[in-house]
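> What follows is a predicted protein model with its sequence.
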Amino acid sequence: MSQKIVKQVEEMVLPIVQERNYECVDIEFVKEGPNWYLRIFIDKEGGITIDDCEWVSRSLEKELDRVDPISQPYILEVSSPGLDRPLKKDEDFKRYQGEIVDIKLYKAVNKQKEFQGKLIGLEDNKIIIETEDGNSCSFAREQVSMVRLAVIW
């Protein structure tokens, strides 16, 4: 059910964010404790401001009220993806090629579920990184639960 809602919301939010040349990075519809949350993550060149989030939130609220795709009560949150932005779309893997990423797997490979390395790219539906020791690792997308830009301090 939540995937169906995410798809419906995506169809509503894309024209809104594209109107201002923003990017819809991710959409989540999740239950945390007793509450449902509809989270929209947006970005733009130079970063997102509070005003950007507010504009998208207000515009999307109007559309959500009009279409009413969600029957249960929920909390709408619009924010930036943060420094540890998730990489999900094919374009993300092109745009952030050469950046350090953190990868989490569903099942361990060689007793390891988390990897970090320089993103080489996406090839044949496999995410390829170069680890700190210079080795190349590739992971089928189905194996990967999450890819995020690494936050290096």
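Yep, that arrived. Note that the structure is predicted; figures quoted are calculated from it, not measured. Numbers count the residues shown, from 1 in each chain.
> give me the number of residues near the closest residue in space to residue 55 that isn't next to it in sequence?
Nearest non-adjacent residue to residue 55, counting by Cβ to Cβ, 6 or more residues apart in numbering: residue 20, 7.1 Å away. Every C-beta, even on glycine, is put in place using the N, C-alpha and C of the backbone. Counted with other Cβ atoms under 10 Å, the neighbours of residue 20 add up to 12.
> next one: residue 130
Other residues near residue 130 come to 15 when the count uses other Cβ under 10 Å.
> Could you do residue 94 as well?
By other Cβ under 10 Å, 11 other residues sit near residue 94.
> again, but for the one 5 residues further on
Burial measure for residue 99: 13 neighbouring residues, criterion other Cβ under 10 Å.
> got the contact list for it?
Counting by Cβ atoms under 8 Å, 6 or more residues apart in numbering, residue 99 touches 118-119, 149-150.
> are any of those buried, and which?
With burial judged by 16 or more other Cβ atoms under 10 Å, the buried subset of the contacts of residue 99 is 118-119, 149.
> No further questions, thank you.
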